[in-house]
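1. pasting a predicted model and its sequence here:
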Amino acid sequence: MAKSLFTDAHRAMVGGLIEARQSAGLFQADLAERVGKDQSYISNIERCQRRIDVVEFYDLAIALEVDPVALFQDIAKRIASSVK
């Protein structure tokens, strides 16, 4: 059984976060500063080496200046299409 960290669904979620960050015109270090973390925190998330909980997701969305619900809906669509 594959570790849940490396599932297609997890990669789809991370892809949505990366696209949101890039659309906001931010580097990893910029986003990390906004959430009060080191750049390695964002890097670990984006390399699928660290999972995030719902509170961290919310904090990231707010730091990206996007609606957390809208971001989750976009990511949920990605996950649904990656899970068969």
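-> Arrived safely, thanks for sending.
2. next, the buried residues of the worst-scoring helix or strand of the chain on mean pLDDT.
-> The helix or strand of the chain with the poorest confidence is helix 68-82; it has a mean of 93 (mean pLDDT, DSSP states H and E). Buried residues in helix 68-82, defined by neighbour count with 16 or more other CB atoms under 10 Å: 71-72, 75, 78-79. Quick note: C-beta positions are derived from backbone N, CA and C, even for glycine.
3. one more: stretch 30-50?
-> 31-32, 34, 37, 41-42, 44-46.
4. end to end on it, go ahead and measure it.
-> One end of stretch 30-50 to the other measures 18 Å (CA to CA, to the nearest Å).
5. all numbers from here: first residue = 56
-> Renumbered: residue one is now 56, and that last one reads stretch 85-105.
6. centroid-nearest residue for this protein?
-> Centroid-nearest residue in the chain: residue 72, 3.3 Å away (criterion: CA atoms, centre = their mean).
7. and the next helix or strand past the helix or strand hosting that residue?
-> Assigned by DSSP states H and E, residue 72 belongs to helix 63-78. Downstream of helix 63-78, the next assigned helix or strand under DSSP H and E is helix 83-89.
8. re earlier: pull the CA atoms of the least confident helix or strand of the chain into PDB?
-> The C-alpha coordinates for helix 123-137 follow below in PDB (Å, rounded to 0.1, in the frame of the first residue of the first chain):
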ATOM      1  CA  PRO A 123     -10.100  29.400   1.500                       C
ATOM      2  CA  VAL A 124     -13.400  27.800   0.400                       C
ATOM      3  CA  ALA A 125     -12.900  28.700  -3.200                       C
ATOM      4  CA  LEU A 126      -9.400  27.400  -3.200                       C
ATOM      5  CA  PHE A 127     -10.600  24.100  -1.600                       C
ATOM      6  CA  GLN A 128     -13.300  23.700  -4.100                       C
ATOM      7  CA  ASP A 129     -10.800  24.100  -6.900                       C
ATOM      8  CA  ILE A 130      -8.500  21.600  -5.300                       C
ATOM      9  CA  ALA A 131     -11.400  19.200  -4.600                       C
ATOM     10  CA  LYS A 132     -12.200  19.100  -8.300                       C
ATOM     11  CA  ARG A 133      -8.500  18.200  -9.000                       C
ATOM     12  CA  ILE A 134      -8.600  15.500  -6.400                       C
ATOM     13  CA  ALA A 135     -11.900  14.100  -7.800                       C
ATOM     14  CA  SER A 136     -10.400  13.800 -11.200                       C
ATOM     15  CA  SER A 137      -7.200  12.100  -9.900                       C
END
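9. this completes my enquiry, with thanks.
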